[in-house]
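> kindly return the folded structure for what I paste below:
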Amino acid sequence: MFISHDQNSDDAYIRPSFSVSNKLKRVLWSAVWLLLCRWTPNALHKWRVAVLRLFGAEIGKTNFIYPNCKIWAPWLLKTEDVVTIASGVEIYNPGGLYLGHHSILSQDCYICGATHDYNSADFTYLKKKINIEPYVWICAKAIVLPGVTCYEGSVLGAAAVASKDLEPWTVYTGNPAQAIKVRSNVLNITPVK
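Presented below is the predicted three-dimensional model:
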């Protein structure tokens, strides 16, 4: 009735990618998020941040983390101040995820921090850290793939797929994402009084 992976199998496709302790930790995390956060009103950002910190996340001040986002491993998440993780965002971060200040992950975007080496007989599992620098905006339903760095101020348009690094203050769209225009560097603009 049940089938599971076998650590001792000769077939690499049957061996598990994660240890039992890792799986148990994630099961506990998922249960806690479901019971304590998933149903909470949107405005309870501080509560959800507190729960994430209990599981090892390093979260800056004034983060907006919505209840129906999905974070695979909070102990591999680091954010600076003023970061938004919107509704429906899924963060798969086995290699770690860094979010710089004033960065935004918009609705339903997907941060994918792992893949497999499909050219190896073992179908080797590869996890890579993703870096999203300050003032980056990942738009709705966009996807950021393993190892990508989105440099300061870059924008990944709606439903675009970033498989390579994004240059600073540049707007990208499409799959694979292509640079289409320069974004004004808001840090160099003096506010009008």
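> and the helices in this protein?
20-36, 45-54 (DSSP state H).
> of those, flag the one that's most buried.
helix 45-54 (a mean of 17; mean count of other CB atoms under 10 Å). Yep, even glycine has a C-beta here, placed from its N, CA and C like the rest.
> can you name every helix or strand that that helix contacts?
Packing partners of helix 45-54 (3 or more CB pairs under 8 Å, 6 or more residues apart in numbering; DSSP states H and E): helix 20-36, strand 64-65.
> burial measure for L187, as a count.
Using other CB atoms under 10 Å, L187 has 11 other residues around it.
> wait, it touches Y135, no?
Yes - between L187 and Y135 a contact is recorded at 7.4 Å, counting by CB atoms under 8 Å.
> common neighbours of the two, please.
Residues touching both L187 and Y135 (CB atoms under 8 Å, 6 or more residues apart in numbering) are G153.
> can you put the helices and strands packed on helix 45-54 in TSV and add mean pLDDT and distance to T173?
Converted to TSV, these look like this (pLDDT from 0 to 100; distance: least, CB to CB, whole Å):
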stretch	mean pLDDT	distance to T173
helix 20-36	96	32
strand 64-65	98	25
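> thinking again about what came up before, would CSV of the helices of the chain with distance to K61 be doable?
Below are the helices of the chain laid out as CSV (distance: least, CB to CB, whole Å):
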stretch, distance to K61
helix 20-36, 21
helix 45-54, 9
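> quick one: which of those helices is nearest Y92?
Y92 lies closest, by CB to CB, to one member of these: helix 20-36, at 11.3 Å.
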